[in-house]
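Engineer: attaching a predicted model along with its sequence, questions to come.
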Amino acid sequence: MRLSQETLDRLPASVKSPAYDLGAVAVGIVHLGIGAFHRAHQAALTDALLAEDPSWGICGVSLRSPDTRDALRPQDGLYTLAVKDGAGTDFSVIGSVVELLCAPEDPEAVLRRMADPATRIVSLTITEKGYCHNPATGTLDENHPDIAHDLANPACPRSAIGFIVEAISRRVRAGIAPFALLSCDNLPGNGNVLKRIVEQFAELRDPALAALVRNVASPSTMVDRIVPATTDADRSAVAEALGLEDAWPIMTEPFRQWVIEDDFPLGRPAWEKAGALFVDDVSAFEFMKLRLLNGSHSTLAYLGYLAGAETVADAMALPGMQALIEGLMREEVSPTLPELPGFDLPAYRSELLLRFRNPALRHRTWQIAMDGSQKLPQRLLGTIRDRLQAGAGYDRLALGVAAWMRYARGLDEAGGTIDVRDPHAGRIAELARGLDEPDRIVDALLTMADVFGTDLPASAPFRSALIKALAGLLQHGSAATLRSYA
């Protein structure tokens with residue numbers, strides 16, 4: 001039998017089910033881009049609050065494919081959230097998604113729902129591509145095909161930006177206050193980026209409309225939770241646990257983080273009761289995540305892959321890896337972070353180490369290692385600059401950069417080919433071609449000014465630290481290098 005409202009009473013006691021009247025839940029949030037991350041993160045936190053206030057149900061909108069709608073509609077929007085760690089799996093049925101729409105099939109239905117006075121928040125997880133912007137400038141890409149279409153056909157939009165502006169226009173004409181915009185995508189200053197793009201689009205449509213759009217609230221957020229793709233094995237495990245079939249369950253980790261700027265003129269769910277943190281400015285938390293979480297992730301991914309570790313948990317099990325990452329976070333990264341009053345930084349570092357060790361989530365080192373030339377400046381090099389300026393050590397950070405250099409050459413420690421996925425993979429291979437000496441490899445790759453700038457290559461201490469770290473990796477290998485930290 002299939003999971004649905006009619007079959008909820010068949011669930012075993014070990015599976016948590018909605019502790020509220022599903023029939024009483026009304027839509028208060030329209031979410032554009034109802035993918036796995038949203039259902040593991042924002043929808044799950046909202047579900048925990050519906051017993052207290054059932055007016056914050058979610059209308060999930062697919063902007064491209066009907067797959068999610070087709071999977072969940074026969075289940076009345078219900079789905080299973082399976083939270084996995086080394087101790088086992090906890091299963092919960094989530095009921096916060098009470099309506100599902102597919103925008104390409106019925107854009108008018110989406111616009112009606114967004115223009116409804118009951119809709120007080122429009123949230124988004126549409127990935128960076130969905131913003132139809134130029135990432136380098138943070139501005140609207142006026143030549144994007146969907147943007148061109150939406151400007152010519154405002155009542156029948158394709159893009160999230162087109163839907164937002166048309167819905168605001170309809171609300172204004174009807175005398176209804178605009179909803180708050182809530183980007184939940186992994187973009188720095190995501191609320192500011194979204195607001196800027198929406199204003200630019202509105203300006204192209206109608207300058208008078210743009211003046212109204214400028215008053216729309218668009219708080220920035222920081223989100224974090226690992227949500228692997230659901231496999232057939234996952235579906236089978238969920239079916240066994242529930243005694244019911246679920247077409248699209250979600251697998252995730254226990255850790256979750258949501259930091260939100262508190263700017264919601266029409267109200268909001270009490271997400272803080274479910275674990276969210278409301279702040280005046282999210283940028284300091286984004287900075288912390290980028291350096292502590294992402295910097296550590298990249299370091300362990302390159303070193304772990306070179307040592308033969310397929311997953312993050314495998315990498316953390318290598319002798320010396322935990323000590324290396326713990327020391328990197330505590331001694332080299334944390335001193336560069338701004339003050340976060342009331343935030344327990346040591347506890348956060350401990351949580352990161354715990355989630356890195358989670359064997360239930362097979363987060364591949366090769367996947368994290370992708371696009372290193374784009375990630376290094378924010379994740380590692382900025383921290384190194386701060387340490388250099390402070391006259392402080394950065395040996396572990398330098399090892400992470402050297403591991404990237406070793407990895408990006410495209411040959412593993414056995415001489416086999418590494419499938420390097422990077423926008424500059426060809427350029428890196430050409431720069432390092434035929435080079436075996438660590439100083440020559442470092443000097444060649446430091447010519448990439450778009451990665452290292454001009455200051456770091458000119459720093460003799462930085463160059464020396466990289467050569468020393470790379471020489472150790474080339475001579476002894478990653479596993480032996482890590483063991484020196486054990």
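Structural biologist: Nice, I can see it. Numbers count the residues shown, from 1 in each chain.
Engineer: remind me what the helix or strand harbouring residue 151 packs against, helices and strands.
Structural biologist: Secondary-structure assignment from DSSP states H and E places residue 151 in helix 145-152. Applying 3 or more C-beta pairs under 8 Å, 6 or more residues apart in numbering; DSSP states H and E, one finds that helix 145-152 makes contact with helix 160-173, helix 190-205. Yep, even glycine has a C-beta here, placed from its N, CA and C like the rest.
Engineer: and those helices as a markdown table, adding mean neighbour count, mean pLDDT and distance to residue 464?
Structural biologist: Listed next are the helices and strands packed on helix 145-152 as a markdown table, based on neighbours: other C-beta atoms under 10 Å; pLDDT from 0 to 100; distance: least, C-beta to C-beta, whole Å:
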| stretch | mean neighbour count | mean pLDDT | distance to residue 464 |
| --- | --- | --- | --- |
| helix 160-173 | 22 | 97 | 48 |
| helix 190-205 | 21 | 97 | 39 |
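Engineer: distance of the most centrally placed residue in the chain relative to residue 102?
Structural biologist: Residue closest to the average C-alpha location in the chain (C-alpha atoms, centre = their mean): residue 186, at 4.2 Å. From residue 186 over to residue 102 the distance is 24 Å, taken as C-beta to C-beta, to the nearest Å.
Engineer: local confidence estimate at residue 136?
Structural biologist: pLDDT, residue 136: 71.
Engineer: next: residue 228.
Structural biologist: 87.
Engineer: assumed it was part of a strand.
Structural biologist: No - counting by DSSP: H, G, I helix; E, B strand; the rest coil, residue 228 falls outside a strand, being coil.
Engineer: doesn't residue 362 make contact with it?
Structural biologist: Yes - look at residue 228 against residue 362 with C-beta atoms under 8 Å: they come within range, at 6.8 Å.
Engineer: and residue 457, how many neighbours?
Structural biologist: 18 (other C-beta atoms under 10 Å).
Engineer: with adjacent residues omitted, what lies nearest to it?
Structural biologist: Counting by C-beta to C-beta, 6 or more residues apart in numbering, residue 446 is the residue found nearest to residue 457 once chain neighbours are left out, at 4.0 Å.
Engineer: I'd like to know how far that neighbour sits from residue 362.
Structural biologist: For residue 446, the distance to residue 362 - C-beta to C-beta - is 35 Å.
Engineer: could you do residue 443 as well?
Structural biologist: On the measure of C-beta to C-beta, residue 443 and residue 362 end up 37 Å apart.
Engineer: and for residue 117?
Structural biologist: From residue 117 to residue 362 the distance is 45 Å (C-beta to C-beta).
Engineer: where's residue 451, which helix or strand?
Structural biologist: Assigned by DSSP H and E, residue 451 falls in helix 449-452.
Engineer: tell me which other helices or strands that helix touches.
Structural biologist: Counting by 3+ C-beta pairs under 8 Å, 6+ apart, helix 449-452 packs on helix 372-376.
Engineer: got a list of contacts for the helix it packs on?
Structural biologist: For helix 372-376, the external contacting residues (C-beta atoms under 8 Å, 6 or more residues apart in numbering) are 294, 298, 302, 401, 404, 407-408, 422-424, 428, 448, 450-451.
Engineer: in helices only, show me the residues you listed.
Structural biologist: Taking DSSP state H, the ones among the contacts of helix 372-376 that sit in helices are 298, 302, 401, 404, 407, 408, 428, 450, 451.
Engineer: what's near enough to touch the second one?
Structural biologist: This points to residue 302. Contacts of residue 302 by C-beta under 8 Å, 6+ apart are 365, 369, 372, 400, 403, 404, 406, 407.
Engineer: returning to that earlier point: which residues does the nearest residue to the residue nearest to the centre of the chain once chain neighbours are set aside bridge with?
Structural biologist: If the residues on either side of it in the chain are set aside, residue 186 comes closest to residue 223, at 6.5 Å by C-beta to C-beta, 6+ apart. Beta bridges link residue 223 to residue 258 when assigned by DSSP bridges.
Engineer: pretty sure residue 223 contacts residue 257?
Structural biologist: Yes - counting by C-beta under 8 Å, residue 257 is a contact partner of residue 223 at 7.0 Å.
Engineer: which one's more surrounded, the two?
Structural biologist: residue 223 (21 against 17).
Engineer: for that one, give me its contacts.
Structural biologist: So residue 223 contacts 37, 41, 42, 184, 185, 186, 257, 258 (C-beta under 8 Å, 6+ apart).
Engineer: one step back: can you lay out the helices and strands packed on helix 145-152 as CSV showing distance to residue 470?
Structural biologist: As requested, the helices and strands packed on helix 145-152 are exported to CSV (distance: least, C-beta to C-beta, whole Å):
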stretch, distance to residue 470
helix 160-173, 44
helix 190-205, 36
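Engineer: closest one to residue 219 among these?
Structural biologist: The closest of these to residue 219 is helix 190-205. By C-beta to C-beta, the value is 4.9 Å.
Engineer: what's downstream of the closest one, the next helix or strand?
Structural biologist: helix 207-213.
Engineer: many thanks, we can stop here.
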